[in-house]
Structures are given as structure tokens and as C-alpha cells.
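K.L.:
Below are the sequence and a predicted model; questions follow.
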Amino acid sequence: MYLTVTQTVAMDCYDVVRQLWDYLDGELTDESMDAIRAHLAQCKQCYPQFDFERTFLEALAATRREHPAPNMVRRKVLAKLRKAGLEV
Ligand SMILES: [Zn+2]
């Protein structure tokens, strides 16, 4: 197995930060994705910014998972109450 080591990344911090959201959404070309990933791996300036935005997106996704449609919750609660013998 032979691994090609990526040489100095031709991307500066401005470019990376500007494309960070697109990077997190996976909406860039493979080349850009690789370039940004490589930059983040070695740049102490950009990484905290990336980490913050990633955490933010993850929190958003978690909130969506934990709060399903209100109707579903209502139906579940009603079903439980009926099961318990209540007239609802
Ligand atoms: Zn940077």
C-alpha cells in the first residue's frame, strides 16, 4: 500500500471559513471537501470555528429527533390514556 501525502493545502483561512457551511452540508466538490478537511486538520485558527458550526448543526438535528410532530405525541398520549381506561 502506498499513500500519497497531500502537499501544502492551497487554501487560506478565508476560503475555508467562507465555505464551512457548504462543507458541513457536503455540498462541495470532492476536491474542495478534501482541501478543507486537510486544512482543518492542521489549522488551529479554523478548527474552533468548524467545531462550533458542526456542534450547532448536530444540536439542531438532535432537537428535531427529540421533538417529533406534535400530532404524533398527542395520539400517543391519547392511546395511553385510553389503555388506562379513561374516556378521552
Ligand atoms: Zn485556517
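P.N.:
Looks like it came in fine. Keep in mind the model is a prediction, meaning the values are calculated, not measured. Numbers count the residues shown, from 1 in each chain.

K.L.:
Every contact and neighbour count from this point should use C-alpha atoms.
P.N.:
Fine.

K.L.:
which residues sit against the helix or strand where K76 lies?
P.N.:
Assigned by DSSP states H and E, K76 belongs to helix 70-83. Under the contact criterion C-alpha atoms under 8 Å, 6 or more residues apart in numbering, helix 70-83 has outside partners E87, V88.

K.L.:
Distance from the chain centre to it, please.
P.N.:
Distance of helix 70-83 from its chain centroid, counting by C-alpha atoms, centre = their mean, to the nearest Å, is 31 Å.

K.L.:
and the closest residue to the ion within the chain, how many neighbours does it have?
P.N.:
The ion sits closest to C13 of the chain, with a gap of 3.6 Å, by C-alpha to the ion. Burial measure for C13: 15 neighbouring residues, criterion other C-alpha atoms under 10 Å.

K.L.:
So, low pLDDT: which residues of the chain?
P.N.:
Applying pLDDT under 70 to the chain picks out residues 1-10, 68-69.

K.L.:
What parts of it come near the ion?
P.N.:
C13, C43, C46 (C-alpha under 5 Å from the ion).

K.L.:
Apart from its neighbours in sequence, what residue is nearest the first one?
P.N.:
Leaving aside its chain neighbours, C13 sits nearest to C46 (6.5 Å; criterion: C-alpha to C-alpha, 6 or more residues apart in numbering).

K.L.:
What separation is there between that neighbour and P70?
P.N.:
In this view, C46 and P70 are 39 Å apart by C-alpha to C-alpha, to the nearest Å.

K.L.:
So for the two, which sits in the more crowded spot?
P.N.:
Between C46 and P70, counting by other C-alpha under 10 Å, C46 is the more crowded of the two (19 against 9).

K.L.:
what's the spacing between that one and Q19?
P.N.:
Following C-alpha to C-alpha, the distance that separates C46 from Q19 is 11 Å.

K.L.:
now R74
P.N.:
41 Å.

K.L.:
If you count surrounding residues, which of these two has more?
P.N.:
Remark: of R74 and Q19, Q19 carries more neighbours, 17 against 11, as counted by other C-alpha under 10 Å.
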